[in-house]
Structures are given as structure tokens and as C-alpha cells.
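Visitor: Predicted coordinates and the sequence they were generated for:
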Amino acid sequence: MTAEPDAPKHRTAADFSTARLEAFSDGVFAIAITLLVLDLDVPDPAGLHGTTLAHALAHQWPSYFAYLVSFLVIGIIWINHHAMCSLARRVDRRTLFANLLLLLTVSVIPFPTRLLATYLTAQGGDAHTAAAIYAATMVAMGVAFSLLFLAFAHDARLLHTAIPPGDVIRALRRFGIGGVCYLATIGLAYLSPIAMLAVHALLAVYYCFDQLAPARRGR
């Protein structure tokens, strides 16, 4: 007598591997980071008005500064996103929605980047407003990333190796240091927009280091 084939199991969101989440996310990261370069303008020869191309290019330094910082930020988010996805073998609906929230914040970064590049050296309060919007976007991104980490860590059945609660807290604490600094840059935006952007460059360097190390200890 031949054995009857197993009945198909009902698929749930927890049955989804991380492959589609990573593939979709990589596409959004790639588009967002590519959009940044579109804001780097080539000076119009008719608009040089007797000045040189070198002078016109140097005059656009706020655009280059904002581009480099935002490129670094999105690149580091992508690296840390990949490291976080490596913790899990499957994802559930909570994780999918948390990932969408992160992608929402990442996809909008080109807008405040262009805004800041345009108004970084403007007179009056416009530079402060643009800098505050940029800083607030980064705060939202940091919150979204922390929520995604919690979504990954909440169910040990979805992970390759369960993460002890103490290691989750340690990883969140290390992320939280940067989060507090992100929040402080909103106030710094009203003192010095250029200093605010420089601090975001330093924060990107901070996140170059593996802040998820405590959560990956058991792997």
C-alpha cells in the first residue's frame, strides 16, 4: 500500500522567506540612492555670466555635501538592513509592514536632501527650516529601523537562532545612542544647518560599525 501524500499545509505570512522582502527592499534602496545624483546640476554655459566653470561648480558645494551625506546614510541603512535580514529565516506580516515603514522613510530622503542643498546657505530662516526637515526625516528613519529590528526579534520561531532579551536590549541601546543624536540635530538645525549636516555625516560613520553585533552573538 502506498502512503498517501501529505495534505497541503495552509500558508501563512510566517511561511514567507526573507528573499522577497530583501529583493523588494534592495530595489527601493537602489532607486532612492540613484535619485540623489539627479539633483547635481551641470552649470548652463549661458548662465556663467563671465565666471568660469570651476567657479560655478565650486558654488554648488552645498549640493555635493548633501549628496555625499545622504548617499552614505542610505548606503549604511542598506548594509544594516542586510545584516538584520540575515538574522531571520522567515518573516511575518508584522515584519513586512515594519519594513514598508522603513522603506517609506528611505524613499523620501532625496526630497529633504534636495531641499537642504538648495537652502543650506540661504539667508533668514529658510536654511533652518530645510535643515530641520532633513533632521526630522532622519529621526523618522531611525525610529522605523528600530521598529523593524523589534519586528524581526519578536518571534524566535522566525529566526535562525533565538536572540536573548538582554542582547535585544543591548542592540537597541546602541541604536538608541544614534537615535538621541538624530533627535538633537533638529535643535542643531536652528543653530547651524551646516553643522547639522556634518553631524549626520558623523552619525553615518557611527552606524558603519556593526551595531547589531549583540543580537548576532548567538549565530
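Guide: Here it is on my side, so go on.
Visitor: use CA for all of it now, contacts and neighbours both
Guide: Will do.
Visitor: center of the chain, which residue is that?
Guide: Residue closest to the average C-alpha location in the chain (CA atoms, centre = their mean): residue 77, at 4.1 Å.
Visitor: Now that residue: phi and psi?
Guide: Main-chain dihedrals, residue 77, degrees, to the nearest 10: phi -60, psi -40.
Visitor: Do you know the pLDDT at it?
Guide: Here the pLDDT value assigned to residue 77 is 93.
Visitor: let's number from 28 now, not from 1
Guide: Sure, I'll start counting at 28 from here, so that last one is residue 104.
Visitor: Report all helices and strands that the longest helix along the chain contacts.
Guide: Taking DSSP state H as the criterion, the chain has its longest helix at helix 153-180. Using 3 or more CA pairs under 8 Å, 6 or more residues apart in numbering; DSSP states H and E, the elements in contact with helix 153-180 are helix 88-112, helix 120-135, helix 137-146, helix 192-216, helix 220-233.
Visitor: between those helices, which gets the lowest average pLDDT?
Guide: helix 192-216 has the lowest average pLDDT among the helices and strands packed on helix 153-180, namely a mean of 84.
Visitor: so that one versus helix 153-180, what angle?
Guide: 170 degrees (axes from the mean of the first three to the mean of the last three CA atoms, to 10 degrees).
Visitor: Now for residue 233: which residues touch it?
Guide: By CA atoms under 8 Å, 6 or more residues apart in numbering, the contact set of residue 233 is residue 205.
Visitor: now it: how far from residue 144?
Guide: 23 Å (CA to CA, to the nearest Å).
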